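Enquirer: how would this look folded up:
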Amino acid sequence: MLAIYGTSGLMYRGPIEDLRRVLPSLRSARLRPLATEVDRPDFADSGFRVPARRDGDGDHGGGAALPRTAAVAVQTYGEVQRPTVPRQPLQRVQDVMSRTVVTVRSDLSVGQGWRALAECGVGQAPVLDADGRLVGLLTRAELLSLDHLPRPEDNALVWRAFLAQPLSQVMITPVPGVTADTLLRRLALALLATGLPGLPVVDEAAALIGFVSRSDILKAVVHDPPLDLWAG
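Expert: Model prediction:
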């Protein structure tokens, strides 16, 4: 199930498959495909270490000994095939979403919104109004859009005015929200249709309960297989 929220409240609720049909009637000048950054895997936190090769490693005359690095790889693969924790297929948004969400208020300035993204190390954040309702999405890509930024040669006062304007001038609105039980393949359809880097996750009462991004999906594929993928 998909719902689309704007500054006036709920604008649409229905199947994700209808998004391509509904979106053109809701599209604003600020809702467009965005260039996003992709998180690079942090191998330092993965727990995997490849010992340095030492003199004498490898073939000692027996003819069949594996190099040490290859042996480590084989052992690691075997451990993956026999996980100590039971695994289950990742099928729905709730299996991969982030439940701790960085949000910003719509009454903040552009400068304050930018600082919030930078301090929390995120590329996007749902925007909530004074009553805590979802009204938009703030993204780093949108803040850096040439449609919004003053020109480099503009006076410093122009840049100060840009940073002082409300987030409502640069946030993406309306913004879709998905429920936690949405199938991942349908989430992927919504991301492709909107070009957004991620979507807020809401409950049946439209309360924000999480966020799911492209990075969440990629990290799940890397760290928490199996993920069933079907072509058709």
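Enquirer: residue ranges for the helices of this structure, please.
Expert: 19-26, 68-81, 110-120, 140-143, 156-164, 184-194, 214-223 (DSSP state H).
Enquirer: will you turn these into JSON lines that also has distance to Ser98?
Expert: Every C-beta, even on glycine, is put in place using the N, C-alpha and C of the backbone. As requested, those are exported to JSON lines (distance: least, CB to CB, whole Å):
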{"stretch": "helix 19-26", "distance to Ser98": "22"}
{"stretch": "helix 68-81", "distance to Ser98": "24"}
{"stretch": "helix 110-120", "distance to Ser98": "12"}
{"stretch": "helix 140-143", "distance to Ser98": "17"}
{"stretch": "helix 156-164", "distance to Ser98": "28"}
{"stretch": "helix 184-194", "distance to Ser98": "13"}
{"stretch": "helix 214-223", "distance to Ser98": "6"}
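Enquirer: So which of the ones you listed is nearest Pro174?
Expert: Within these, the stretch nearest Pro174 is helix 19-26; the backing value is 5.3 Å (CB to CB).
Enquirer: worst average pLDDT in the helices of the chain?
Expert: With a mean of 64, helix 68-81 has the lowest mean pLDDT of those.
Enquirer: Among the helices of the chain, which comes closest to Leu10?
Expert: helix 19-26 (11.6 Å).
Enquirer: packing partners for that closest one?
Expert: The helices and strands touching helix 19-26, judged by 3 or more CB pairs under 8 Å, 6 or more residues apart in numbering; DSSP states H and E, are strand 2-6, strand 9-14, helix 184-194.
Enquirer: repeat that with 10 Å
Expert: strand 2-6, strand 9-14, strand 175-178, helix 184-194 (3 or more CB pairs under 10 Å, 6 or more residues apart in numbering; DSSP states H and E).
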